[in-house]
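1. got a sequence here, can you build the structure:
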Amino acid sequence: MTGVAEAVAAGDLGGRVWLYSNYHCNLACTYCLTESSPSSARKALSPETMSRLAREAADLGFTDLGITGGEPLLLPSLPSTLVELATVLPTLVLTNATLFGDHRLAALAPLVGLPVSFQISLDAPDPDPNDELRGPGNFAKVVEAIPRLLERGFGVRIATTVGDGRLSEDDHARLCELHRSLGVSDEDHVVRPIIARGRAEDNGLGQRFTSDEIPAELTVTVDGAFWSPFGPTMRDGRIDTDLLVTRVTDPLAKPAEALVRLVQGRPAGADARLGIR
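-> Numbers count the residues shown, from 1 in each chain. Next up, the predicted model:
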């Protein structure tokens, strides 16, 4: 095994490689790490680059891919790109689930049977508090989209992001009731704190962290490779570089090996403190 594969096998380095497919979004969430909105710069990885990164990630010993943004489904090429990626490694797509109309679901049909799943943001068991954070009508679209994805055979996870990392006992119980009624199991529901970066920091929201407090998960953007998907955040239109690993991402081995060197010797368990696994 390479040094990267050994670090993944030992749990020192996350097995999933994250790709920031783009930075623009149809929403402008209150706590967005990347200041994404309909007017944001696209900053998109090309389909060819994502395919190359997937192949190299598999060769290095990584086990999964994660596609995030922005809103990845705004990219017209994404369905065909996902077909290529999922034939290399299992792929998780983070989405706000507001774009799963008939046209896009039809475009995703070639993915049926491939190891592709969707992680959908849902922050409260009621429309008003959810939509206050994410945008008008978001709750209703999410609740409609989840069964449509499940009935087509796609895996669905729900990610709940809250200000202090916790839900009230009542809200948690009702949110779990809701996702179970939609067909999503407890194992596929994660609750995470808001991270004080990007728009969240501007709005006085979230928790601060050091790199030792978050899992090391190689993350690639058009600007370089980062420690974590929480790394390549934006402030006033400029990319944060405090968690930049390398500017070079071709070949992927360069940032992967650099990240392995950075994580060696970290205290065991330190990266679980914020509960964002």
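2. CA atoms for contacts and neighbours, from now on please.
-> Noted.
3. what lies in contact with the helix or strand where Leu259 lies?
-> Here Leu259 sits within helix 253-263, counting by DSSP states H and E. Here helix 253-263 makes contact (Cα atoms under 8 Å, 6 or more residues apart in numbering) with 3-4, 7, 12-13, 56, 60, 216, 218, 225, 227, 245-246, 248-249.
4. quick one: which of those residues sit in helices?
-> Using DSSP state H, the subset of those located in helices is 3-4, 7, 56, 60.
5. before we move on, the earlier item: type out the ChimeraX command that picks the buried ones from the contacts of helix 253-263.
-> What follows is the ChimeraX syntax for the buried subset of those, where burial is set by 16 or more other Cα atoms under 10 Å:
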select :4,7,12,13,56,60,216,218,225,227,245,246,249
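6. pick out the most distant pair among the contacts of helix 253-263.
-> Across the contacts of helix 253-263, the longest distance by Cα to Cα is 21.9 Å; it joins Asp12 and Val248.
7. please enumerate the helices of the stretch 51-200 of the chain.
-> Secondary structure of the stretch 51-200 of the chain (DSSP state H, counting those that start in this stretch): helices located at 78-86, 102-107, 127-134, 138-151, 169-182, 199-202.
8. can I get those in TSV with mean pLDDT?
-> Output for the helices of the stretch 51-200 of the chain, formatted as TSV (pLDDT from 0 to 100):
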stretch	mean pLDDT
helix 78-86	98
helix 102-107	95
helix 127-134	95
helix 138-151	97
helix 169-182	96
helix 199-202	92
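9. kindly reformat those helices as JSON lines containing distance to Thr30.
-> Shown next, in JSON lines, are those (distance: least, Cα to Cα, whole Å):
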{"stretch": "helix 78-86", "distance to Thr30": "26"}
{"stretch": "helix 102-107", "distance to Thr30": "26"}
{"stretch": "helix 127-134", "distance to Thr30": "5"}
{"stretch": "helix 138-151", "distance to Thr30": "13"}
{"stretch": "helix 169-182", "distance to Thr30": "20"}
{"stretch": "helix 199-202", "distance to Thr30": "6"}
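10. columns mean neighbour count on top of those helices, output as TSV?
-> Formatted as TSV, these follow (neighbours: other Cα atoms under 10 Å):
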stretch	mean neighbour count
helix 78-86	20
helix 102-107	12
helix 127-134	17
helix 138-151	18
helix 169-182	15
helix 199-202	20
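11. excluding chain neighbours, what is closest to Gly163?
-> Ile194 (5.2 Å; Cα to Cα, 6 or more residues apart in numbering).
12. distance of that neighbour relative to Asp212?
-> Here Ile194 is placed at a distance of 17 Å from Asp212 (Cα to Cα, to the nearest Å).
13. ditto for Leu122
-> Per Cα to Cα, Leu122 is found 27 Å from Asp212.
14. the two: who's more crowded?
-> The residue with more neighbours, out of Leu122 and Asp212, is Leu122; 26 against 16, by other Cα atoms under 10 Å.
15. let me see the contact set for the more buried one.
-> Neighbours of Leu122 in contact, by Cα under 8 Å, 6+ apart: 130, 139, 142, 158-161.
16. helices and strands of this structure: which one bottoms out on pLDDT?
-> Across the helices and strands of the chain, mean pLDDT, DSSP states H and E gives its lowest value to strand 234-235, namely a mean of 89.
17. so how far is it from its chain's centroid?
-> Mean-position distance between strand 234-235 and its chain equals 17 Å (Cα atoms, centre = their mean, to the nearest Å).
18. paired strands for it, with orientation please.
-> According to DSSP bridges, strand 234-235 forms sheet pairs with strand 238-239 (antiparallel).
19. re the thing from before, burial count for the residue nearest to Gly163?
-> 23.
20. distance check, it against Ala10.
-> 28 Å.
21. and Leu78, by the same measure?
-> As judged by Cα to Cα, Leu78 and Ala10 stand 32 Å apart.
22. what do you get for Asn203?
-> 38 Å.
23. what do you get for Ala58?
-> 17 Å.
24. what does Val191 give?
-> Counting by Cα to Cα, the separation of Val191 from Ala10 is 25 Å.
25. between the two, which one's more packed in?
-> Neighbour count, other Cα under 10 Å: between Val191 and Ala10, Val191 has more, with 19 against 11.
26. give me the neighbour count for the residue nearest to the more buried one when sequence neighbours are not counted.
-> Take Val191 and drop its neighbours on the chain: the residue closest to it by Cα to Cα, 6+ apart is Thr160, 4.6 Å away. Thr160 has 23 neighbours, counted by other Cα under 10 Å.
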